[in-house]
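Student: Kindly return the folded structure for what I paste below:
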Amino acid sequence: MKSKRKTCLSLLLILILCLLLFGLYLFFRPDTIDPSANIILDPSSSYWEGPLEEAAQEEQSGIRIPGYSTLHFPADQSTVKMTLYNPEKNDCYFSFSLYLNDETVPLYTSDYVRPGMAIHELELARPLSSGEYTLHIRINTYDPQTMATRNSASVKTELIVE
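Tutor: Residues are numbered from 1 along each chain as shown. Model prediction:
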């Protein structure tokens with residue numbers, strides 16, 4: 001009888017410990033949900049401390065749009081290194097979509113990226129063959145409180161896949 005009681009007590013303590021550890025994980029994990037707007041932020045984004053591209057433009061609304069020089073992706077690989085960032089001085093969320101040439105289906109689409117954050121590695125919808133492409137980076141902007149769409153921008157750059 002005492003053995004069953006000790007086993008039940010041990011299982012109860014293990015369950016409480018598991019719940020406590022799970023609660024600590026949820027409390028200390030990186031933010032992927034903005035509690036004020038209850039939206040999903042891109043989990044692969046991290047704080048960006050690098051310089052802004054010199055071609056950064058200022059839109060009429062005061063939103064800073066980064067510029068991009070010629071990009072290089074490896075051929076036949078769907079995971080590529082590229083920095084998509086939302087400048088820290090912006091007061092809006094960004095979402096990025098990448099399009100090749102005149103295609104209408106995006107090669108990549110991000111979740112929301114907060115100001116001062118960046119995505120450094122992308123998982124493309126498909127690997128690309130060697131060649132030169134025109135890459136259109138579509139940047140949609142959103143109000144952080146209402147998630148209403150603001151301005152959007154499209155940055156065109158050369159993409160070399162080798």
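Student: which residues of this structure fall in helices?
Tutor: 2-28 (DSSP state H).
Student: where does the residue nearest to His120 when sequence neighbours are not counted land on pLDDT?
Tutor: For His120, ignoring the flanking residues on the chain, the nearest one in space by CB to CB, 6 or more residues apart in numbering is Thr83 at 5.4 Å. (Glycine included, C-beta is placed from N, CA and C.) In this model, Thr83 is scored at 92, pLDDT.
Student: cool, and Thr79?
Tutor: Note for Thr79: predicted pLDDT of 95.
Student: And it, how close does it get to Tyr93?
Tutor: Going from Thr79 to Tyr93 by CB to CB, to the nearest Å gives 24 Å.
Student: Looking at the two, which is more packed in?
Tutor: Neighbours were counted for Thr79 and for Tyr93 using other CB atoms under 10 Å; Tyr93 has more, 24 against 11.
Student: before we move on, back to that, what's the neighbour count on the residue nearest to His120?
Tutor: 15.
Student: So Ser78 is in contact with Glu123, correct?
Tutor: Yes - with contacts counted by CB atoms under 8 Å, Ser78 reaches Glu123, the gap being 6.0 Å.
Student: So between the two, which is more surrounded?
Tutor: Per other CB under 10 Å, whichever of Ser78 and Glu123 has more neighbours is Ser78, with 15 against 9.
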